[in-house]
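In: model the structure of this input:
(one chain, ligands or ions: 6)
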Amino acid sequence: MSSYRLRPFSHWLLALFLTFTAVGQLAAQDAASVSKEGVTPGAAPAGAAAAAAGTAAPAGDAAAIAAGDALFKGNCAQCHAVNDVVVGPALAGIDKRRPMPWIIKWVKNSSKVVASGDEYAVKIFNEYQKQQMPSFALSDAEITSIVAYVKSAEGAPVAAKDPAGTAVDTSEGKGVSDAAGAGKYMNAVLIVLVVVLIVLVVTLVIIANIMKDVLRGRKDLDGRDVEILEQKTDWAAILKSGWLRGVVGVLFVLVILYESIQGLMAVGLSQGYQPAQPIAFSHKLHAGEHQINCAYCHTSVYKSKSANIPSANICMNCHSQIKTTSPEIKKIYRAIQRQQPIQWVRIHNLPDLAYFNHSQHTQVGGIQCQTCHGPIEKMDVVYQYSALTMGWCINCHRETPLNTKGNGYYDNLVKLHNDANAGAPFTVSSNGGTECSKCHY
Ligand code: HEC
Ligand code: HEC
Ligand code: HEC
Ligand code: HEC
Ligand code: HEC
Ligand code: HEC
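Out: Ligands and ions are numbered 1, 2, ... in the order given. Alright, predicted model coming up:
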């Protein structure tokens, strides 16, 4: 009888534990999904982003704002931010400064407006060192939607500056902090749940012990009851068992073998290498958010063997105007004053015995940078994405068909190849791309 009373207790304990772990898991998943939605830049539909930025846009305008957001990012964001001066002025409040027809005329052809002698236009043109804003072949409706987007985004607080002077893109910054808020809330709930759980478990263990003591004091227990009451795990016997020792031994040997093979395979490899750079230059910011073309900085990547690293002068094309007071940008100024190049740390480096040519792959082969370098436009700090082993080069040469369209050099070769091996794809290797001398001097 009494043994029966003990059991529901342990069952209850188990049930309680499972419930709480399940609740905890759910809460954790929620928190994770909330922060994901908030943080992923650009992944959320533009309308949602505007909503996250705390704007009270009427539902009818949401589509126009979303369209305006996309147009703004595609055409204007290189030079304008809503709440911050970039190359051009901050656009917040533009609909109050200027009438809509003026804005439309200006965006379509700003130099015409300046040339017409429009007082405001001339003033702002001079204020911005007579930089000409490009003309845009946008429709009136498209320009109106950009202004609608600007209006929707100007509610956000003006660029939050961190101590280093980095301006955070406001609309996105808000989204992140919202998500962080939600995450914090979830964390608090989780912590409370865990504390409650611990308190419950401790109470139950205490109660169980008290019950055991009470039972021990009783004289009317039968053999089975006593057995259950005095149950103990015999650790010593388990530790001594040959079975356990065998399993641990085999696992140990396997782990050592695996690790040493991995170690040997990785000798001379630097995949994942991500050194700190002398200036906190971010590809995510430049190539990602501001969509600056790779070849704007790596000027020779389509033309020659090597993709050059830009000189400080290229940075100054923009940074003579943008963020001139940021401590990181000051480092560019210092390099120029001292007439010393910025000492970037080289990341990718093939041994001298191998020949690799960028223009052959990018211009002739039409291969995207990201195929070899990974999602550079998402990296704050660049790392080596591919292994850069000989096997890596050769595998791709075996699998990749030559980009022969519109390339007269290949016309005859394609014909010869098709005559000789009808149907087989004309890959780099079938053109001799796996011959040793192609890559080794
Ligand atoms: C290459 C840089 C550049 C791009 C791209 C650009 N602008 Fe400009 N914008 C400027 C500059 C610089 C000025 C300041 C006036 C001047 O120097 O001509 C300006 C001024 C303006 C003004 C007047 C601002 C004010 O406060 O009065 C408006 C409006 C404007 N731009 C809208 C746009 C829109 C909309 C787009 C996208 C379709 C765009 N700009 C794209 C550089 C740019
Ligand atoms: C505004 C200028 C600029 C733009 C635009 C730019 N880069 Fe860079 N890139 C740099 C600078 C500066 C470095 C050296 C510092 C570093 O590694 O971050 C660099 C380094 C690299 C490296 C590593 C070089 C090494 O040391 O091995 C790769 C790869 C690279 N860029 C690829 C790209 C690709 C792909 C794009 C376009 C999606 C791009 N870059 C756009 C300026 C730029
Ligand atoms: C085509 C224009 C352009 C070029 C070229 C360019 N940048 Fe930038 N850079 C920007 C813009 C736009 C920002 C963002 C400014 C903001 O957040 O308000 C920026 C931001 C930065 C920042 C962050 C500054 C801070 O404190 O927030 C650094 C560092 C930087 N750039 C370094 C460089 C370096 C180094 C080069 C040359 C290899 C370079 N940039 C070339 C446009 C450019
Ligand atoms: C087929 C693969 C491949 C593609 C495509 C490719 N790269 Fe590279 N990249 C490499 C390799 C391999 C190296 C190392 C070269 C070396 O050490 O000689 C490298 C090195 C670099 C470097 C360091 C400087 C140098 O030349 O060694 C930069 C910068 C760079 N790549 C930028 C780019 C950009 C920008 C693109 C796209 C326009 C691009 N790469 C496309 C494979 C590639
Ligand atoms: C992502 C696929 C890819 C990778 C990775 C790659 N290649 Fe290539 N490679 C190509 C393609 C495609 C061509 C042919 C371009 C063309 O001529 O149309 C090519 C052509 C070449 C050629 C010229 C071959 C000839 O027949 O003239 C050389 C040399 C070469 N690659 C070297 C390398 C080296 C070295 C590496 C590794 C560091 C490498 N490639 C990695 C795709 C790749
Ligand atoms: C598509 C280009 C390519 C072809 C074709 C190629 N190799 Fe390589 N090979 C490389 C690259 C790149 C490396 C450097 C890999 C590394 O650093 O891990 C390399 C490395 C080597 C090494 C190692 C050198 C060392 O010091 O570690 C040897 C040996 C070698 N190759 C021999 C050959 C032979 C023999 C052939 C012809 C059967 C050949 N390779 C064909 C690209 C190629």
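
In: how far away from the center of its chain is stretch 116-133?
Out: Put simply, stretch 116-133 sits 38 Å off its chain's centre (CA atoms, centre = their mean, to the nearest Å).

In: so which residues on this structure come close to ligand 1?
Out: Within the chain, the positions lying close to ligand 1 (CB under 6 Å from any ligand atom) are 75-76, 78-80, 87-89, 91, 94, 97-98, 103, 106-107, 110, 124-125, 128, 131-134, 136, 146. Heads up, the C-betas are built off the backbone N, CA and C, glycines and all.

In: inside helices: which ones of the residues you listed?
Out: Filtering those for membership in helices, criterion DSSP state H, returns 94, 97, 103, 106-107, 110, 124-125, 146.

In: top of these by neighbour count?
Out: Among those, residue 146 has the most neighbours (other CB atoms under 10 Å), with 26 neighbours.

In: leaving out the residues flanking it, which one is nearest to that one?
Out: If you skip the residues right next to it in sequence, residue 146 has residue 68 as its closest partner in space, 4.5 Å away by CB to CB, 6 or more residues apart in numbering.

In: which ones are touching the one you found?
Out: By CB atoms under 8 Å, 6 or more residues apart in numbering, the contact set of residue 68 is 142, 145-150, 152.

In: ok so, going back, which of the ones in helices among the residues of the chain next to ligand 1 come close to ligand 2?
Out: Within these, nothing lies near ligand 2 by CB under 6 Å from any ligand atom.

In: check which helices and strands the helix or strand that contains residue 196 sits against.
Out: Counting by DSSP states H and E, the element that carries residue 196 is helix 170-216. Under the contact definition 3 or more CB pairs under 8 Å, 6 or more residues apart in numbering; DSSP states H and E, helix 170-216 sits against helix 2-39, helix 46-52, helix 223-229.

In: can you name the next helix or strand after the last one?
Out: Looking back up the chat, that one is helix 223-229. Per DSSP H and E, helix 223-229 leads on to helix 235-240 as the next helix or strand towards the C-terminus.

In: outside of that following helix, which residues touch it?
Out: Contact with helix 235-240 is made by residue 244, as judged by CB under 8 Å, 6+ apart.

In: C-alpha coordinates for that helix, CSV please?
Out: Extracted as CSV, the C-alpha positions of helix 235-240 are listed here (Å, rounded to 0.1, in the frame of the first residue of the first chain):
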residue,chain,number,x,y,z
TRP,A,235,27.9,3.6,-9.1
ALA,A,236,31.0,1.6,-8.2
ALA,A,237,29.6,-1.5,-10.0
ILE,A,238,28.8,0.5,-13.1
LEU,A,239,32.3,2.1,-13.2
LYS,A,240,34.0,-1.2,-12.8
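
In: need the residues that contact the helix or strand that that helix is followed by.
Out: Following helix 235-240 in sequence order, the next helix or strand is helix 242-265 (DSSP H and E). Surrounding helix 242-265, the residues in contact under the criterion CB under 8 Å, 6+ apart are residue 238.

In: centre of the chain to helix 242-265, how far?
Out: Here the centre of helix 242-265 is set off from its chain's centre by 36 Å, with CA atoms, centre = their mean.

In: does ligand 6 have contacts with stretch 258-268?
Out: Yes - applying CB under 6 Å from any ligand atom, one finds stretch 258-268 touching ligand 6 at residue 268.

In: what mean pLDDT does that stretch get?
Out: When the per-residue pLDDT values of stretch 258-268 are averaged, the result is 86.

In: could you do stretch 336-352 as well?
Out: 91.

In: can I get the CA coordinates of it in PDB?
Out: What follows is stretch 336-352, C-alpha atoms only, in PDB (Å, rounded to 0.1, in the frame of the first residue of the first chain):
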ATOM      1  CA  ILE A 336      47.300  60.300 -46.700                       C
ATOM      2  CA  GLN A 337      49.100  63.000 -44.600                       C
ATOM      3  CA  ARG A 338      52.000  60.700 -43.900                       C
ATOM      4  CA  GLN A 339      52.000  59.500 -47.500                       C
ATOM      5  CA  GLN A 340      52.000  55.900 -46.300                       C
ATOM      6  CA  PRO A 341      49.600  53.300 -47.600                       C
ATOM      7  CA  ILE A 342      47.000  51.800 -45.200                       C
ATOM      8  CA  GLN A 343      48.500  48.500 -44.100                       C
ATOM      9  CA  TRP A 344      45.600  46.100 -44.800                       C
ATOM     10  CA  VAL A 345      46.300  42.500 -43.800                       C
ATOM     11  CA  ARG A 346      46.200  40.100 -46.700                       C
ATOM     12  CA  ILE A 347      43.600  37.300 -46.400                       C
ATOM     13  CA  HIS A 348      43.700  35.200 -49.600                       C
ATOM     14  CA  ASN A 349      47.100  34.100 -50.600                       C
ATOM     15  CA  LEU A 350      47.900  31.200 -53.000                       C
ATOM     16  CA  PRO A 351      51.500  29.800 -52.900                       C
ATOM     17  CA  ASP A 352      53.800  31.200 -55.600                       C
END
